[in-house]
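> here are the coordinates; sequence isn't available:
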């Protein structure tokens, strides 16, 4: 049969067609009223999408650039910070801290798990900033942002959350919980290609920047804030991607019948349903989930069957069906797990279809696995029907 | 009449349609063979486009990000560097040096002029890196990169050239002259939207990075070089823009009948012709060029007629014809000059058309100016005919 190229990877994700067309059509100069209109509207929409009254800063870079900004703007050399880590992206915080001469205390948990709040509390003394992920993309585990935020209430320790895959797949209450910086990226639940990152920044985080001394220029958040107040970006913005982002936020607003926050809620529930279907299918097929607890809705990480390299599963998806899923990340997880994404533009048909393909792939790569066709699909359908019935009942 | 939105700005520039379609169609994940093929090919094509054997690094950021990389990677706090400046982008080097604790000596020239090599020579003592522009976009003046490179021959002072608008509008011999870092951007002569920057980096620049200590993470060039050797980027690449860049480099190769270097040569000559036509038209219309000498082919900066705010000219182009040209940049030049770009995707029709529009615009904004229609167009046509005849004669 035909192979369509389909992304089931936790970024980049499946692209929204209206955003693709908006990107191709965007021929605007960035110092014009047309662009300022788009920029002001997109920043305001991002605030609604994130669900915050804080200023949002948008930059031309990958999510790692925004992570760097939240280190270089909020710290001085020698500062003590706390990094919460249980995967490859948690480890990136430590590398960033090191690059900027910042002393990083670390609370870590094994891959596939999350850290305890007790362990976090025990290390908070003298810490200027806590850095964590909302969702650890490399393991498919969701961390307890609300719990960590509670520990910091009433202190002057800032909380920075990499929600690059968490946004649109987890409900955050940024202002209510007190998340000082929340980071998002373009190639995730907002359904456009990579190249943009954004951050919401709290008043006390802005104040912190008055006294921090680590060098920043391209990622200077205060400079961007000043420009944003005039409807511009400090450096040349990635205009085509911003046009795509504007179209994607319009789409999410449409999901919420004209209300972006409602659309975000539905987007999270959509990912939750796709993730629940996928987990149910995996278990029905005798596969083991990698997340020991708190599985993320952004991406489901699944152990390869014993004796099977997960790279063979990734490859089979690609060659048999044109579908791109993710291998494990880093030496410890590569070859051991495979990951299927749910964040953004995936519907029931996308989800049931990749599960159907999974059953064929398992039959291909492993003789010991359940090779009967159908149980994964049935489990997914049952899960879908139950969730939809439940949501309908809840809405009455 | 209809208004088509047309960019005559020195970045972003008019978009190449085949690149727009390639961008919209790019749905690839960045850790796949498909992307690696594109990335390896695009990096190799960029080397041909720049005209160097040095490694080329491609990053998701604006040109300012690449300028920052060439400061943070090549210096340590306290280092002495020399900044050559005669415009807003020259001044950016000084700001960057300051942000990274680097002592910047400065050789400057008034806006609209270029510095003398004697002044440069006098300040070279103890300098670790010289930073300059190939073309100063804010003034439309070309600087003497070859002359500065000659002064540095046999020393261990590195030469960094911001050729963001210079590439594709000026002939550089990167390896022959000894340019250690040459910086380019996507929204310039390569005819795609903003969001990508690239740098060619010489062996001795790579060596310098072994001993420099300024912090860098997202802009860590050595990390990118290591990833590029595996056909990947260190952080998530801006895939859609890279697909567009690939298509644009194919187009430039086509201009050179299959030879990218020949295509680049033609692209420079194309800009030279458009610039010469525009300068001749301006002078025929009694306007004064802002560049006192060495006018750039990338962009022509023109004084507004006496008593006219150049903003009114920019506005009239926009409202009467849908054409976007640039005002002067910064307090000193805004309102005084207007700028018309020639870099990238402009042909004879684009050039003669904007000159035709200029004649109407001048009649609108100024009663003292030559309001006869035609002399600008005639001068441009004569210039075109002379250059084409000359090129044909040279080819015999």
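Perfect, I can see it now. Please read these numbers as outputs of a predicted model, since none were measured by experiment. Numbers count the residues shown, from 1 in each chain, chains lettered A, B, ... in the order given.

> residue nearest the centroid of chain A?
Centroid check for chain A by CA atoms, centre = their mean gives residue A:165 as the closest residue, at 0.6 Å.

> Can you give me the neighbour number for residue A:282?
24 (other CB atoms under 10 Å in any protein chain shown). From N, CA and C alone the C-beta is placed, and that goes for glycine too.

> Spatially nearest residue to it (excluding sequence neighbours)?
residue A:302 (5.0 Å; CB to CB, 6 or more residues apart in numbering or on different chains).

> swap in residue A:21?
residue B:24 (6.4 Å).

> Then residue A:174?
Of all residues beyond its chain neighbours, the one nearest residue A:174 is residue A:52 (4.1 Å), with distances taken as CB to CB, 6+ apart.

> Quick one: classify the one you found as helix, strand or coil.
coil (DSSP: H, G, I helix; E, B strand; the rest coil).

> From chain B, how far off is it?
24 Å (CB to the nearest CB, to the nearest Å).

> For the stretch 1-150 of chain A, which residues are neighbours of chain B?
Applying CB under 8 Å from any CB of the partner chain, one finds that the stretch 1-150 of chain A approaches chain B through A:5, A:7, A:9, A:11-12, A:14-15, A:20-21, A:23-32, A:34, A:60-65, A:68, A:71-72, A:95-96, A:99-101.

> Recalculate using a threshold of 6 Å.
A:5, A:7, A:9, A:12, A:15, A:20, A:23-24, A:27, A:29, A:60-62, A:64-65, A:68, A:96, A:99-100 (CB under 6 Å from any CB of the partner chain).

> Show the buried residues in those residues.
Among those, those classed as buried by 16 or more other CB atoms under 10 Å in any protein chain shown are A:7, A:9, A:12, A:15, A:20, A:23-24, A:27, A:29, A:60-62, A:64-65, A:68, A:96, A:99-100.

> Can you check what pLDDT the model gives the closest residue in space to residue A:15 that isn't next to it in sequence?
Distance criterion CB to CB, 6+ apart; nearest residue to residue A:15, sequence neighbours excluded, is residue B:27 at 5.5 Å. Note on residue B:27: pLDDT of 89.

> I'd say residue B:27 and residue A:16 touch.
No. Counting by CB atoms under 6 Å, residue B:27 does not reach residue A:16; the two are 10.9 Å apart.

> contacts for stretch A:175-182?
If you take CB atoms under 6 Å, 6 or more residues apart in numbering or on different chains as the criterion, stretch A:175-182 is touched by A:50, A:52-53, A:70, A:146, A:149, A:158-161, A:163, A:174, A:199-202, A:205.

> how does it look with 7 Å?
A:50, A:52-54, A:70, A:145-146, A:149, A:152-153, A:158-161, A:163, A:172, A:174, A:199-202, A:204-205 (CB atoms under 7 Å, 6 or more residues apart in numbering or on different chains).

> Contact residues of the stretch 201-350 of chain A facing chain B?
Listed as neighbours of chain B in the stretch 201-350 of chain A under the rule CB under 7 Å from any CB of the partner chain: A:215-218, A:235-241, A:324.

> now, which of these lie within strands?
In strands, judged by DSSP state E, the following of those are found: residue A:324.

> what would the residues of the stretch 201-350 of chain A next to chain B look like in JSON lines with neighbour count?
Shown next, in JSON lines, are these (neighbours: other CB atoms under 10 Å in any protein chain shown):
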{"residue": "A:215", "neighbour count": "22"}
{"residue": "A:216", "neighbour count": "23"}
{"residue": "A:217", "neighbour count": "23"}
{"residue": "A:218", "neighbour count": "30"}
{"residue": "A:235", "neighbour count": "25"}
{"residue": "A:236", "neighbour count": "26"}
{"residue": "A:237", "neighbour count": "26"}
{"residue": "A:238", "neighbour count": "34"}
{"residue": "A:239", "neighbour count": "25"}
{"residue": "A:240", "neighbour count": "33"}
{"residue": "A:241", "neighbour count": "30"}
{"residue": "A:324", "neighbour count": "22"}
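
> Which of the residues of the stretch 201-350 of chain A next to chain B fall in helices?
A:239-241 (DSSP state H).

> From the contact counts, what lies against the helix or strand containing the residue nearest to residue A:21?
Taking DSSP states H and E as the definition, residue B:24 sits inside helix B:17-25. Here helix B:17-25 touches helix A:17-25, helix B:239-255, going by 3 or more CB pairs under 7 Å, 6 or more residues apart in numbering or on different chains; DSSP states H and E.

> and the longest one with helix B:17-25, angle?
What that stands for is helix B:239-255. In terms of direction (axes from the mean of the first three to the mean of the last three CA atoms, to 10 degrees), helix B:239-255 departs from helix B:17-25 by 160 degrees.
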